[in-house]
Structure formats: structure tokens, C-alpha cells
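Participant: model the structure of this input:
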Amino acid sequence: MKDRVAIAAASTTGFVAKNLGRSQASLAAEACVDVIKKSGIARDEIDGLCGSWPSAAVLQSVLGIPEVTWFGNPVIPIVDHVATAAAAVHAGLCEVVLVYHAAYRAVWNTGSALKDPFRRIATPGLSDPHPGPETMAAAVGYTGWASRYMYEYGVTREDFGLVAINSRSHAVGNPAAAMREPMTMDDYLSAPMVREPLCLYDMDVAVDGADAFIVTTTERARDMALPPVLINAAVLGQVRHNEEDQTVSLRQHGQQVVVDTLKSKSDFWIDDIDVYFPYDGFTPITLNWIDNAGWCKPGEAGAFLREHWDSEQGYALINGRIPVNPHGGSLSEGATQASGHIREAVHQLQGLAGDRQVTDARRALVTAGGFFFNAQGLTLHRP
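Facilitator: Okay, here's the model as predicted:
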């Protein structure tokens, strides 16, 4: 389906790291209404729905979409949603898919959300504490692998700090970002330690907000209001040992599968892109993506960022022209599970990124997700 399916439009509500007093469904609906308007189509032209939260059934009711012929509720990150929607369009199950994702400060990621009875109700399966033995499951696993990365390659916490500072410096110029205060290396190093070796600024910020996209055939997208962004290739990568405590090594996990497969499927790679979006849910994830994508040798991502650092701007500019997460990423725009990365890529390729706009941006690479069960990749370009 290379280049036969496109993202026609992308919208966002913007993100905040506080309780807006709104439901997840209302946030998703706001982004969806906006993206429908921007694409220039009528509501009843949508015949497919794809998102995680709220369910497709709930969102269809909220938006008043008369009927759909296909819907899906994939798991995060959001490359999965775009890939699933694109496959449905290409297969003829539907023609115009509304893809959506509402990030929400849930009870498992903020203390204040845990104290909010409405948020406990709105988080199925997570309403009650889950006591049990110490494990490496979920977020804790990245602290162990961060330590392993430091041990194997002799890097320091300053390497992680460069990722955090890069994201924050870009977020300063993004009105949709939750965290816009400038950050220095001293700020990073003096931040509260959450779990050695990762501090407060090594972890993505929980937010309320939503993104939405229109995915359709390239032919149909050409008739819509904005320039289409073609999906050149998409990959979801996973290896047999995909649990946090069972992963074999830093060189044998989902990222390598994504990179190898995406390179073979796509018509372009890092030498030909104009903007790069490595996932930054945790800072060591970003360093690994930079290593594995081929920008440098394993363990040299920190040195690579220093080599391409624009000290005046406070962020990396690869070869003096390619920004890394120009929207601020998960660390500063907010934990959007990659919907923000994809939305910014679309806006950059449509020339809609405002002050962040990369001149004549034509190709973008998104490497989303982490090491384990959720590594994903997407190449996008404008014709």
C-alpha cells in the first residue's frame, strides 16, 4: 500500500499537565471536530473510526457520525493506529478513517489523578491499587536498561540530559506544549531522582489533551483542503523476548526489527529526511533509537547529539538542518503516546508548523515506542 494511503489532516487540542475538569471523550471529540473541519469534508463522509480511548462506539455517538463500515481500537503507541487505519483503507473496508487519541492523566501516572474519584472510574482495570512483589514491569524496566546502557557504553547522565533539554528547548516555541519553561543541564541534574538513574525530567509528562487525523486513499486526499501526506511505510516490531525483564540485550529488541524492516520497505532513510521524531517517553529510549537508526554507532548517541548541538538554540540540529522532535516530544509537549510526534510530522510536511517550520520539509521519519512490545516506525512524505 506504499503511497496509496495518506494522512489528509491532523489537529490537536494542545496539552496541559493538570486536570481540565473534562472527560477523555470530550477532549477526543474536540480534536476530531477540528480535524474534520480542516480536511474540508462532511461528517457523514467518515466511514471508519480508529482510536484507543474512548472506544469507537462512544466517540461515534458523541460526534453523531451516522454509520461506519469499519472501526478499530488498537493498542498504543499511535503508529499502530495509523498503520491499522491505512490497512483498512487499502483493503477497502472503508474509505475515510477518523483516527484519534486522547491522552489523559490517569491514576497510574499521577498522584493527583489517583485522588480524583472521577479519574479512578474513567480508568478501567486501574481503579484499585495493585500490590505485589517488586518487578521490572512497565516504567520500572527502563530504569534497569538505562543503567545497563550507562554500564555498557560508559556514558553519563548528561547524555540523558541532552535528550530532555532538546525536547524542552523545542517546546518553548510550541503553544500546544505542556512544559514550556527553558531547561539547562544544571536544572536537569538537580531535578528530583525518581528511580536511579532516571530523574523527573527523564520521564514523559502526564497530560490531558487529544490529537486527531484523517486517513484516506491518496486519490481521495488530493480532493481535500490540505496537501496530502503519503504513508510510505509503516512497521510494528517485536522480538520473542519482549518483556522488560526478559529482553536479551540492548542490541536484541523491537527497535532493531523496526529499523531493519522500515529501511527495506521505505523509499528513503536518514540521509534523505528533513525532520526526525524518535520516541522520548524515557530519555534512554531516544538514545537507543538514534543508535539503532544508524545516525551513529551503538552507545554514541550522546556524543552524536553534542556533535550536532546548536548551543544558541539549545537543541540538536543534525547536519545543521534536521531538528529532533521540534514539537517538544513526550518529555515536554506531553505523553501523547506518539500522536504528537505524528501530528507534528504531518504539520511539518504540510507547511503548517508555524515558527517551528522546517523550510521545504518533504520527508519525515517517526520511530515510536520503546524496546519491548511497542517498537514502531513510520516514514511519511509529501508528493
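Participant: going forward, measure contacts and count neighbours with C-alpha atoms only.
Facilitator: OK.
Participant: confirm residue 102 sits in a strand?
Facilitator: Yes - secondary structure of residue 102, determined by DSSP: H, G, I helix; E, B strand; the rest coil: located in a strand.
Participant: how far away is residue 211 from residue 185?
Facilitator: 31 Å (Cα to Cα, to the nearest Å).
Participant: those two: which has the busier surroundings?
Facilitator: Taking neighbours as other Cα atoms under 10 Å, residue 211 and residue 185 compare with residue 211 leading, 29 against 13.
Participant: check which strands are paired with whichever helix or strand the more buried one is part of and give the direction for each one.
Facilitator: Assessed by DSSP states H and E, residue 211 sits inside strand 209-217. Here strand 209-217 has these sheet partners by DSSP bridges: strand 5-12 (antiparallel), strand 96-103 (antiparallel).
Participant: contacts for the following helix or strand past the first one?
Facilitator: Read it as strand 5-12. Note on strand 5-12: by DSSP H and E, the next helix or strand toward the C-terminus is helix 24-39. Here helix 24-39 makes contact (Cα atoms under 8 Å, 6 or more residues apart in numbering) with 8-13, 42-43, 53-54, 58-59, 62-63, 98, 100-104, 208-214, 224-226.
Participant: helix or strand right after the helix or strand bottoming out on mean pLDDT in the chain?
Facilitator: Using mean pLDDT, DSSP states H and E, helix 117-121 stands out as the lowest-scoring helix or strand of the chain, at a mean of 57. Note on helix 117-121: by DSSP H and E, the next helix or strand toward the C-terminus is helix 139-153.
Participant: isn't residue 304 up against residue 296?
Facilitator: Yes - Residue 304 is within contact range of residue 296, at 6.7 Å (criterion: Cα atoms under 8 Å).
Participant: who has more neighbours out of these two?
Facilitator: Using other Cα under 10 Å, the more surrounded residue of residue 304 and residue 296 is residue 304, with 19 against 15.
Participant: in terms of secondary structure, what does the helix or strand where the more buried one lies contact?
Facilitator: Using DSSP H and E, residue 304 sits within helix 301-307. Counting contacts by 3 or more Cα pairs under 8 Å, 6 or more residues apart in numbering; DSSP states H and E, helix 301-307 is packed against helix 157-171, helix 283-293, strand 315-318.
Participant: and that helix, C-alpha only, in PDB?
Facilitator: Output of helix 301-307 as PDB, limited to C-alpha atoms (Å, rounded to 0.1, in the frame of the first residue of the first chain):
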ATOM      1  CA  ALA A 301      24.000   8.800  20.600                       C
ATOM      2  CA  GLY A 302      25.000  11.300  23.400                       C
ATOM      3  CA  ALA A 303      28.200  12.200  21.600                       C
ATOM      4  CA  PHE A 304      26.200  12.500  18.300                       C
ATOM      5  CA  LEU A 305      23.900  15.000  19.900                       C
ATOM      6  CA  ARG A 306      26.800  17.000  21.200                       C
ATOM      7  CA  GLU A 307      28.400  17.000  17.800                       C
END
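Participant: which is the next helix or strand following it?
Facilitator: Downstream of helix 301-307, the next assigned helix or strand under DSSP H and E is strand 309-310.
Participant: low-confidence stretches in the stretch 1-150 of the chain?
Facilitator: Counting by pLDDT under 70, the stretch 1-150 of the chain contains low-confidence ranges at 106-135.
Participant: returning to what we had before: which neighbouring elements make contact with the next helix or strand after the strand holding residue 211?
Facilitator: On the C-terminal side of strand 209-217, the closest following helix or strand by DSSP H and E is helix 218-221. If you count contacts as 3+ Cα pairs under 8 Å, 6+ apart, helix 218-221 packs onto strand 5-12.
Participant: CA atoms of the strand it packs on as PDB?
Facilitator: Taking C-alpha atoms only, strand 5-12 is exported to PDB below (Å, rounded to 0.1, in the frame of the first residue of the first chain):
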ATOM      1  CA  VAL A   5      -2.900   5.900   1.600                       C
ATOM      2  CA  ALA A   6      -2.400   9.300   3.000                       C
ATOM      3  CA  ILE A   7      -2.900  11.400   6.100                       C
ATOM      4  CA  ALA A   8      -5.100  14.300   4.900                       C
ATOM      5  CA  ALA A   9      -5.200  16.400   8.100                       C
ATOM      6  CA  ALA A  10      -4.100  16.500  11.700                       C
ATOM      7  CA  SER A  11      -5.400  18.500  14.700                       C
ATOM      8  CA  THR A  12      -4.700  18.900  18.400                       C
END
